[in-house]
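> only geometry, no sequence info:
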Ligand SMILES: C[S@@+](CC[C@H](N)C(=O)[O-])C[C@H]1O[C@@H](n2cnc3c(N)ncnc32)[C@H](O)[C@@H]1O
Ligand code: SF4
Ligand code: SF4
């Protein structure tokens, strides 16, 4: 059903996108414009005929055609409304990739979580000094950087944390801080909150007992209190929940209850609950593919019960304004606590490309751009030939194209098309087709 109607000049002749793919999905017909991640949804063959005529003829000529053929006008109005409301001709696209940098400030941690993929605990001997981090932030900002994520280990183990955040903010950067939330004194919150745009606090259980099984005893309340303090100061707060696989299915209702409680409690401010969908290999966890698939399914169910229609809402947010997903974020700079450079934040699984202490920052940016180009979706099979490539994005490069991990330079003779193609099935594609049909009108501009 089309609600929105636009006024259109009947002399108009559309300049339709070149790369169009047609798919019959149930009783609908999807016309996908591959290059700008746009589409329209047609209800029947008459609308399809009208669409293809509009590709070649002016609206006036198509009106004559529908008059001669006794076609109801509403079929034409439906097609025109979509073409206009979705700006189907507009080939300007925005790219999902932002100029972000992730800094692991320390490997030191006050906790020893069972799942920790960083195996965090003890400080590295050669961690970056305050001044070295200032230089890094200054260089990043001067090179057009916009967003920094500070993580670890545990960031509050560094006494210079609030100074680093203050410096970063003064350089015009947006600061996101990932923390276990246990060690934030009132003084530290007071000193830091103005410089934090988003704080993500990890709480992996739904009560003290379940949380202590992963994160140690006595931390559940402390982390919740820290979240509350920041929330009350107007900082955007996320609570990240990464349960263990064992017992998850039996306890999913408790996670749902916990999630709903938090969402309700913080409904009048900037709050987001982030359930993790994947458990990486960590201190005491190492799931096989089947277990991770099962983990994904259960977490998906939990999220959908906590946030009604969350998948559709996220889909709409991700594709607003002709946003194309051509990468997963691979290529953005990640700096380890000792200054080693990576282009993905799963640093434990990757080789470093050098150290910030020895590399000119311009060189780091150049490598980052090369990494982004190399990991562009158009370089990988089967995604490069898929009509959904900019809608799906191809997923995590490290998980789906593990050969990328072996690359230790970005010479132009590397051809990711020679890598083993990623697995993709009709179920994944069908999920996107359904999302496109169900959310179509939410993209009307
Ligand atoms: C490594 S921690 C560092 C920041 C901080 N210490 C904390 O715990 O939030 C960053 C995030 O990674 C999550 N994490 C740890 N181990 C993980 C694993 N094996 N798989 C997926 N996420 C994991 C944590 O739960 C946390 O939300
Ligand atoms: S997940 Fe965070 S809090 Fe837990 S051990 Fe790792 S770094 Fe520390
Ligand atoms: S993962 Fe599948 S749906 Fe996504 S872009 Fe690749 S081939 Fe297309």
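Arrived safely, thanks for sending. Note that the structure is predicted; figures quoted are calculated from it, not measured. Ligands and ions are numbered 1, 2, ... in the order given.
> which residues in this protein form strands?
Ranges of strands within the chain are 20-25, 28-33, 38-42, 94-95, 100-106, 147-152, 174-179, 198-202, 236-241, 271-275, 323-324, 333-335, 341-342, based on DSSP state E.
> which residues does the closest residue to ligand 3 within the stretch 1-150 of the chain contact?
Among the residues of the stretch 1-150 of the chain, residue 34 lies nearest to ligand 3; the distance is 10.5 Å by CB to the nearest ligand atom. From N, CA and C alone the C-beta is placed, and that goes for glycine too. The contact partners of residue 34, taken as CB atoms under 8 Å, 6 or more residues apart in numbering, are 17, 19-21, 387, 389-390.
> over to residue 55?
Contacts for residue 55 (CB under 8 Å, 6+ apart) come out as 14, 16.
> for ligand 1, see how far away it is.
Distance, residue 55 to ligand 1, using CB to the nearest ligand atom, to the nearest Å: 47 Å.
> hang on, the earlier thing: mean pLDDT and mean neighbour count added to the strands of the chain, as a markdown table?
Below are the strands of the chain laid out as a markdown table (pLDDT from 0 to 100; neighbours: other CB atoms under 10 Å):
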| stretch | mean pLDDT | mean neighbour count |
| --- | --- | --- |
| strand 20-25 | 98 | 14 |
| strand 28-33 | 98 | 21 |
| strand 38-42 | 97 | 23 |
| strand 94-95 | 83 | 12 |
| strand 100-106 | 97 | 24 |
| strand 147-152 | 98 | 22 |
| strand 174-179 | 98 | 21 |
| strand 198-202 | 98 | 22 |
| strand 236-241 | 98 | 21 |
| strand 271-275 | 95 | 17 |
| strand 323-324 | 92 | 19 |
| strand 333-335 | 97 | 25 |
| strand 341-342 | 96 | 21 |
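> any chance of the ones you listed in CSV, plus distance to ligand 2?
Formatted as CSV, the strands of the chain follow (distance: least, CB to the nearest ligand atom, whole Å):
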stretch, distance to ligand 2
strand 20-25, 41
strand 28-33, 40
strand 38-42, 40
strand 94-95, 31
strand 100-106, 9
strand 147-152, 5
strand 174-179, 8
strand 198-202, 6
strand 236-241, 10
strand 271-275, 14
strand 323-324, 31
strand 333-335, 15
strand 341-342, 17
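> adding distance to residue 402, write these out as a markdown table.
Below are these laid out as a markdown table (distance: least, CB to CB, whole Å):
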| stretch | distance to residue 402 |
| --- | --- |
| strand 20-25 | 29 |
| strand 28-33 | 29 |
| strand 38-42 | 31 |
| strand 94-95 | 25 |
| strand 100-106 | 21 |
| strand 147-152 | 23 |
| strand 174-179 | 25 |
| strand 198-202 | 27 |
| strand 236-241 | 25 |
| strand 271-275 | 25 |
| strand 323-324 | 24 |
| strand 333-335 | 18 |
| strand 341-342 | 15 |
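> tell me which helix or strand in this protein has the weakest average pLDDT.
Counting by mean pLDDT, DSSP states H and E, the chain has its least confident helix or strand at strand 94-95, which shows a mean of 83.
> number of nearby residues for the spatially closest residue to residue 396 that is not a sequence neighbour?
Nearest residue to residue 396, sequence neighbours excluded (CB to CB, 6 or more residues apart in numbering): residue 328, at 5.2 Å. Residues lying near residue 328 (other CB atoms under 10 Å) number 20.
> cool, and residue 297?
Neighbours of residue 297 under the rule other CB under 10 Å: 12.
> OK, contacts around it?
Contacts for residue 297 (CB under 8 Å, 6+ apart) come out as none.
> ligand 2 contacts on the stretch 1-150 of the chain?
109, 111-113, 116, 118, 120 (CB under 6 Å from any ligand atom).
> for stretch 82-90, the averaged confidence score.
Averaging pLDDT along stretch 82-90 gives 94.
> straight-line length of that stretch, end to end?
Stretch 82-90 stretches 13 Å from its first residue to its last (CA to CA, to the nearest Å).
> buried stuff in stretch 290-303?
By 16 or more other CB atoms under 10 Å, the buried positions in stretch 290-303 come out as 292, 295, 298-299, 302-303.
> ok, stretch 69-87 next?
Of the residues in stretch 69-87, those buried (16+ other CB under 10 Å) are 71, 75-76, 78-87.
> out of those, which comes closest to residue 134?
residue 87 (43.9 Å; CB to CB).
> tell me how far the closest one lies from residue 42.
17 Å (CB to CB, to the nearest Å).
> next one: residue 273
37 Å.
> quick check: the farthest pair among the buried residues of stretch 69-87?
When these are compared pair by pair using CB to CB, the maximum separation belongs to 71 and 87, at 25.2 Å.
> let me know the pLDDT of the residue of the stretch 151-300 of the chain found nearest ligand 2.
The stretch 151-300 of the chain approaches ligand 2 most closely through residue 180 (3.7 Å), counting by CB to the nearest ligand atom. At residue 180, the pLDDT value in this model is 98.
> what about it, how many neighbours?
27.
> which among the residues of the stretch 1-150 of the chain next to ligand 2 count as buried?
For those, buried by 16+ other CB under 10 Å: 109, 111, 113, 116, 118, 120.
> pull up the distance across stretch 229-243, start to finish.
With CA to CA applied, stretch 229-243 spans 24 Å between its terminal residues.
> now swap in stretch 325-332 and tell me
End-to-end span of stretch 325-332 (CA to CA): 15 Å.
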